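Trainee: sequence first, predicted model second:
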Amino acid sequence: MNYTHEHLEVQKTLKRYIDEHINPHVEEWEAAEIFPAHEVFKGLGKLGLLGLCKPEAYGGSGLDYSYSMAMAETLGHIHCGGIPMAIGVQTDMCTPALARFGSDELRTEFLAPAIAGDMVGCIGVSEPAAGSDVAGIKSYARKDGDDYVITGQKMWITNSLQADWMCMLVNTGEGNPHKNKTLVMVPLRENGKLRPGISVAQKIRKIGMDSSDTGLLYFDDVRVPQRNRIGQEGAGFVYQMQQFQEERLWAAASCLQSLTNCIQWTIEYAQERKMFGATLADQQWVQFKLTELKTEVESLRALTYRAGELYVSGQDVLELASMAKLKAGRLNRTV
């Protein structure tokens, strides 16, 4: 996968926005354990950066997924992890299924304002007893007239303390756990206040990603029109697995620049730090270790780019995307 002039221009625009409007505030937002998502997203929306791969009819640019990967990589210039993750949720985690399978009405109501930065979205999959085991979720939507009535809880939900809506995976039937789930667009707030039946039980404190808000939400007989269903009833598990392909590719790509930065900063420090009559950078073991780490990062880049290229060509990259996310997470800890 090669970045063209157009890819580089997108990256240049995003980096300029980061340098001017995000990095000067990172320490403040990290300390506050939240950042002004609506304000930041509106700025990104005005630049056309929240819908690079989304349909032009709803304000997107209609580009292929390589542009999302180029954006994810550039987000590594932000001096923390929480804000890039929050942006990634908006662009590549809570909107792909909506863009691909949502009705025109749903895309007008939820996708268009998300692309413009007028609404903040979140994805509701994980629960206290079901994280990686997506088939094990318990939240349920029963039918009542033209509505779904939703009861359950969602945990570790990024953006949820500020989100206007949730793309929520719920059970809509019994039987096969892979065929009884549906994605439903759930409005969370009206006039800035949580809708009846929705409560934020807890703002979750973390040991990293501090500036991204993460919540535990309860849903108690929350009414949502059945027309808010994305695609076919019972196909939600499959839709969510497809969303995960883009989420995993995004996660891997978003690590590349930050990993590169960490190693470069370490090299600069090692060249300045004196020890035993020489600098740390003069020590052969240090040279070996830094070389090994750079090699690992370039291996991750090659794997991520290959998966991205295959995905853009229309292939299923579930295995490669999962491998890239696994490698990225482990390499983050190592570096």
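Mentor: Thanks, I have it.

Trainee: and the strands in the stretch 201-335 of the chain?
Mentor: Using DSSP state E, counting those that start in this stretch, the strands of the stretch 201-335 of the chain run over 214-225, 274-275, 278-279.

Trainee: mean pLDDT and mean neighbour count added to these, as CSV?
Mentor: In short, each C-beta sits where N, CA and C put it, glycine included. Below are the strands of the stretch 201-335 of the chain laid out as CSV (pLDDT from 0 to 100; neighbours: other CB atoms under 10 Å):
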stretch, mean pLDDT, mean neighbour count
strand 214-225, 97, 18
strand 274-275, 89, 10
strand 278-279, 94, 12
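
Trainee: how about those in CSV, adding distance to residue 301?
Mentor: Below are the strands of the stretch 201-335 of the chain laid out as CSV (distance: least, CB to CB, whole Å):
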stretch, distance to residue 301
strand 214-225, 28
strand 274-275, 32
strand 278-279, 28
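
Trainee: can you check which of these gets nearest to residue 288?
Mentor: Taking CB to CB, strand 278-279 is the member of those nearest to residue 288, at 15.3 Å.

Trainee: ok, residues contacting that closest one?
Mentor: 270-273 (CB atoms under 8 Å, 6 or more residues apart in numbering).

Trainee: who touches the residue nearest to residue 22 when sequence neighbours are not counted in this structure?
Mentor: Spatial nearest neighbour of residue 22, excluding adjacent residues (CB to CB, 6 or more residues apart in numbering): residue 78 at 5.6 Å. Neighbouring residues of residue 78 by CB under 8 Å, 6+ apart: 18, 22-23, 26, 84.

Trainee: and the gap between residue 78 and residue 291?
Mentor: The gap separating residue 78 from residue 291 is 27 Å, by CB to CB, to the nearest Å.

Trainee: just to revisit the earlier point, got a quick ChimeraX command for the buried subset of the contacts of strand 278-279?
Mentor: Per 16 or more other CB atoms under 10 Å, the buried members of the contacts of strand 278-279 correspond to this ChimeraX selection:
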select :270
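
Trainee: can you put the contacts of strand 278-279 in CSV and add distance to residue 194 and pLDDT?
Mentor: Formatted as CSV, the contacts of strand 278-279 follow (distance: CB to CB, whole Å; pLDDT from 0 to 100):
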residue, distance to residue 194, pLDDT
270, 50, 96
271, 52, 96
272, 51, 95
273, 51, 95
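
Trainee: so which of the contacts of strand 278-279 comes closest to residue 325?
Mentor: Nearest to residue 325, judged by CB to CB, of those is residue 270 at 29.7 Å.

Trainee: hmm, that closest one is touching residue 289, no?
Mentor: No: if you go by CB atoms under 8 Å, residue 270 and residue 289 don't touch, sitting 9.8 Å apart.

Trainee: could you pull out the buried residues of the longest helix seen in the chain?
Mentor: Counting by DSSP state H, the longest helix found in the chain is helix 236-272. Residues 236-240, 242-260, 263, 266-267, 270 are the ones in helix 236-272 that count as buried (16+ other CB under 10 Å).

Trainee: quick one: the residue of the chain most remote from its centre from residue 287, how far?
Mentor: Most distant residue from the mean C-alpha position of the chain: residue 277, 46.8 Å away (CA atoms, centre = their mean). To residue 287, residue 277 is 17 Å away according to CB to CB.

Trainee: same check, this time on residue 142
Mentor: With distances taken as CB to CB, residue 142 is found 63 Å from residue 287.

Trainee: kindly report the same for residue 46.
Mentor: 45 Å.

Trainee: what's the neighbour count on residue 212?
Mentor: When neighbours are defined as other CB atoms under 10 Å, residue 212 has 26 of them.

Trainee: residue contacts, the residue nearest to it when sequence neighbours are not counted?
Mentor: Using CB to CB, 6+ apart and skipping residues adjacent in sequence, the residue nearest residue 212 is residue 82, 3.4 Å away. Residues near residue 82 by CB under 8 Å, 6+ apart: 29-30, 35, 208-212.

Trainee: from the residues you listed, which land in helices?
Mentor: Of the positions in those, 29-30 sit in helices, assigned by DSSP H.

Trainee: can I get the contacts of residue 82 in JSON lines with pLDDT and distance to residue 160?
Mentor: Formatted as JSON lines, those follow (pLDDT from 0 to 100; distance: CB to CB, whole Å):
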{"residue": "29", "pLDDT": "98", "distance to residue 160": "17"}
{"residue": "30", "pLDDT": "97", "distance to residue 160": "19"}
{"residue": "35", "pLDDT": "98", "distance to residue 160": "14"}
{"residue": "208", "pLDDT": "90", "distance to residue 160": "18"}
{"residue": "209", "pLDDT": "92", "distance to residue 160": "14"}
{"residue": "210", "pLDDT": "95", "distance to residue 160": "16"}
{"residue": "211", "pLDDT": "96", "distance to residue 160": "14"}
{"residue": "212", "pLDDT": "94", "distance to residue 160": "10"}
